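# Just a sequence and a predicted model for now, questions to come.
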Amino acid sequence: MAWVQTLIDACYFLAALLFILGLKRMSSPRTARDGIVWAGFGMLLAVIATLFLPDMENRGLIIGAVLIGVAAAWWSGRRVAMTAMPQMVALYNGMGGGAAAAIGASELISHVGGLAVANGVVAPNTYPLAPESWSPLHGIATVIAPLSPVALALGVLGALIGSVSFSGSLIAFAKLQGWMDRRFVFPGQRVVNMLVLAAAVVVGVMIATGHLSLPLIGAFFVLALLFGLLMTLPIGGADMPVVISLYNAFTGLAVAFEGYVLNNEAMIIAGMVVGAAGTLLTQLMAKAMNRSLGNVLFGSFGAASGAAAQEIGGSQKPIEAADAAVMMAYAERVVIVPGYGMAVAQAQHKVWEFAQLLLARGVKVKFAIHPVAGRMPGHMNVLLAEAGVPYDLIVDMEDINPEFPATDVALVIGANDVVNPLAKTDPSSPIYGMPILDVADAKQVIVVKRGKGTGFAGIENALFYADNARMLYGDGQAAAGQLVSQIKALDS
Amino acid sequence: MLDGFLALYIFMLAAFTGYEIIARVPVILHTPLMSGSNFIHGIVLVGAMIALGHARTPFEMCIGFVGVLLGAGNAAGGYVVTERMLEMFKTSKPGKDSGGAK
């Protein structure tokens, strides 16, 4: 049966290779779509190979659980709206963390009896957990090889990180889904958080040094889950993409550590690659939002809650599409600020058609892109490029901001938090300090928006109440279509 | 099979690989990549399957079962979501002249 094991190992190797190549392809827009397919093949290969591992029991249960999990996730992932993508990523990531924690738990629990016997006689170089039939020393399937100290420590660490990622991601999901109050803070929160973490680490160290008992293991997981919960509660919605990315890296690490415990190289490589890539990605995203990671985790979001939110005076003033079209048709400079709302409404083609009509009339049109426009960093550039918007009309935040005072009309379509002046003026605002597009400096601002609700971060937008702002209510696609037909009506 | 230092080498090289792959990525791909790497750590499913396959007591089987459920959700959900996101990167009109994009 040795060839079966060789074949399975080859499958794992191929899976790891496909993961790395897939991730590599995903890092370039041209090849990104193949990348996920390659990685998908790798996953399929690894899962099928695992079913044929020689010493596996409960195969029926395994297949049942896989089918249920895949069906539920596939169904939910297919039908969820594009707007809800960030929380779905959080949810699936949390599930991965939970799975890693479950692996850690089952490994620890299955060694509760065994380790006491083996404790002290474990040589440093013992295989972490040699599955019985792989090792000539263990002919009988009921004998459990003791965990080496390294495997035990990594198993505990992986379980800790996985648990934190699990409960933290679920909170992130609940927040983005709007199921939870946006921020939850209480005095001394940081101290409490640190104490919980310290307690979890102490219990973890006790387990890792051989005090393996069910009550300790139970307490360990409760503390770890509690810490993930407490750590995420005070963080506001606008910072969630960074936090989700961080938990993504956490889950990767947890998977790599549990992979060491299970002696599974595919898990080690895939987990470690994701751990490193996720850490870097987290830093890059935090940088794109002009915040440090420490600031996101412990920064103004928790601290600023004491101050009362700034009062916003005035009212939102609606405008008709016809008036908006005329205003822009006779303007000299128009800046279009697209946001996620535009992407959701798939309005980019209509918006570009409208911009072309303006250009034909001699209006100078530019597109202004915020670094985190639409909560998917950089998503906007691609959408515009796909619609055919020339590269030189798309301007970054730093370059366009000085031009707003000389702009006649700024057309904000589906963007909200990235144009909110409160980020500059209100220290108590959760988005305070985030760089924004200064559209309020334009002579006139027209905001295309579906309704009167607040944005992604759940904060009122002072821009909508500004004297020079007019609201054009409606779906992005429909509103852009109206603008197009109104401009055409002017010409005929 | 995996003694201490060999594992350490694997950890190190894999971490370096992950870092290098992402290092020069354009901002536009940050979110899809986050989702894609989220899918890749769905390999945890394999570990959960092994854990359930080695479970002996009903309690261990329960934990293993939940682990496999969660792992399968991670893998399948991560794949679907990433694929849907990357679909947006498909050029709808191949060969279309995109102006000054050069």
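Happy to help now that I have it. Numbers count the residues shown, from 1 in each chain, chains lettered A, B, ... in the order given.

# Tell me the spacing between A:G339 and A:Y473.
Using Cβ to Cβ, to the nearest Å, A:G339 is found at 15 Å from A:Y473. Where C-beta positions appear, they are placed from N, C-alpha and C, glycine not excepted.

# Looking at the two, which is more packed in?
A:G339 (27 against 16; other Cβ atoms under 10 Å in any protein chain shown).

# Now do the SS call for the residue lying closest to that one once chain neighbours are set aside.
Distances taken as Cβ to Cβ, 6 or more residues apart in numbering or on different chains place A:A415 nearest to A:G339, at 2.6 Å, with adjacent residues excluded. Look at A:A415: counting by DSSP: H, G, I helix; E, B strand; the rest coil, its state is coil.

# Count the residues that sit near A:A415.
30.

# tell me the secondary structure for A:V447?
strand.

# bridging residues for it?
Here A:V447 sits in beta bridges with A:V412, A:M471, going by DSSP bridges.

# pretty sure it contacts A:Y473?
No. Contact status for A:V447 versus A:Y473: not in contact, 9.1 Å apart, counting by Cβ atoms under 8 Å.

# re earlier: show the contacting residues for the residue nearest to A:G339.
A:V337, A:P338, A:G339, A:Y340, A:G341, A:M342, A:H370, A:A373, A:G374, A:L437 (Cβ atoms under 8 Å, 6 or more residues apart in numbering or on different chains).

# Adding secondary structure, pLDDT and distance to A:I20 as columns, could you present those in CSV?
As requested, the contacts of A:A415 are exported to CSV (DSSP: H, G, I helix; E, B strand; the rest coil; pLDDT from 0 to 100; distance: Cβ to Cβ, whole Å):
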residue, secondary structure, pLDDT, distance to A:I20
A:V337, strand, 91, 38
A:P338, strand, 89, 34
A:G339, coil, 83, 34
A:Y340, helix, 74, 31
A:G341, helix, 76, 36
A:M342, helix, 82, 35
A:H370, coil, 83, 32
A:A373, helix, 69, 30
A:G374, helix, 58, 29
A:L437, coil, 88, 38
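
# Now A:R30, what are its backbone angles?
With angles defined as degrees, to the nearest 10, A:R30 sits at phi -70, psi -40.

# how close does it get to A:L23?
Relative to A:L23, and taking Cβ to Cβ, A:R30 is found at 15 Å.

# Compare those two (neighbour count), which wins?
A:L23 (26 against 9).

# Which strand or helix spans that one?
Element membership for A:L23 (DSSP states H and E) is helix A:2-26.

# Please work out the average pLDDT along that helix.
Averaged across helix A:2-26, pLDDT comes to 92.

# Likewise for stretch A:180-191?
If you average the pLDDT values across stretch A:180-191, you get 74.

# residues in contact with B:L86?
Counting by Cβ under 8 Å, 6+ apart, B:L86 makes contact with A:M26, A:A32, A:R33, A:G35, A:I36, B:P32, B:G36.

# Which pair of those residues spans the longest distance?
A:R33 and B:G36 (10.7 Å; Cβ to Cβ).

# between these two, who's got more neighbours?
Per other Cβ under 10 Å, whichever of A:R33 and B:G36 has more neighbours is B:G36, with 30 against 19.

# pLDDT wise, what is that one at?
92.

# which stretch of helix or strand covers it?
In the assignment (DSSP H and E), B:G36 maps to helix B:30-40.

# could you say what helices and strands that helix packs with?
With contacts taken as 3 or more Cβ pairs under 8 Å, 6 or more residues apart in numbering or on different chains; DSSP states H and E, helix B:30-40 sits against helix A:2-26, helix A:32-51, helix A:85-110, helix A:240-261, helix A:265-288, helix B:58-87.

# Generate a markdown table for these, with distance to A:G218 as supplementary columns.
Converted to a markdown table, the helices and strands packed on helix B:30-40 look like this (distance: least, Cβ to Cβ, whole Å):
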| stretch | distance to A:G218 |
| --- | --- |
| helix A:2-26 | 32 |
| helix A:32-51 | 28 |
| helix A:85-110 | 9 |
| helix A:240-261 | 19 |
| helix A:265-288 | 25 |
| helix B:58-87 | 11 |
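
# Alright, calling it a day.
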